[in-house]
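J.: Structure, please.
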Amino acid sequence: MNATKALDELHKVLRQWAHTPPMIKPTLHLRESNWWRLQVVEEPGVVWYNQKLNDCVEWSAEKLKDWPNVKRMSFDMWDFKSKKDAEKFLIVFHLSWQQ
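T.: A predicted model of the protein is given here:
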């Protein structure tokens, strides 16, 4: 394969990646108050507001509204009193939002 053809193939792959929908990746961090913060985030540099993210956040809000010891902190952020509960929710999240 000559260099020109290899570069053409690389450009083709890069154009496909540019049109791939962003991944939604929740993160879990211990807060100062011993609460565990779950935040639904996308890959850096991707437009924040899109329908997939909105659907995901709405789904999460619906699932978590009746959980004890869970507080919604912002649009895409929840605090959990226990790490075990936060990890349980992450498992359900990943099973429901396979990407």
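J.: for residue 32, helix, strand, or coil?
T.: Using DSSP: H, G, I helix; E, B strand; the rest coil, the structure places residue 32 in coil.
J.: same thing with residue 86?
T.: helix.
J.: and it, how far is that from residue 25?
T.: Counting by CB to CB, to the nearest Å, the separation of residue 86 from residue 25 is 15 Å. Quick note: C-beta positions are derived from backbone N, CA and C, even for glycine.
J.: Next: residue 87.
T.: In terms of CB to CB, residue 87 sits 15 Å off from residue 25.
J.: follow-up on the earlier one: more neighbours, residue 86 and residue 25?
T.: Taking neighbours as other CB atoms under 10 Å, residue 86 and residue 25 compare with residue 86 leading, 21 against 12.
J.: In the sheet, which residues pair with the residue lying closest to that one once chain neighbours are set aside? Tell me.
T.: Nearest in space to residue 86, with sequence neighbours left out and distances taken as CB to CB, 6 or more residues apart in numbering, is residue 80 at 3.9 Å. Applying DSSP bridges to residue 80 gives these bridge partners: residue 36, residue 70.
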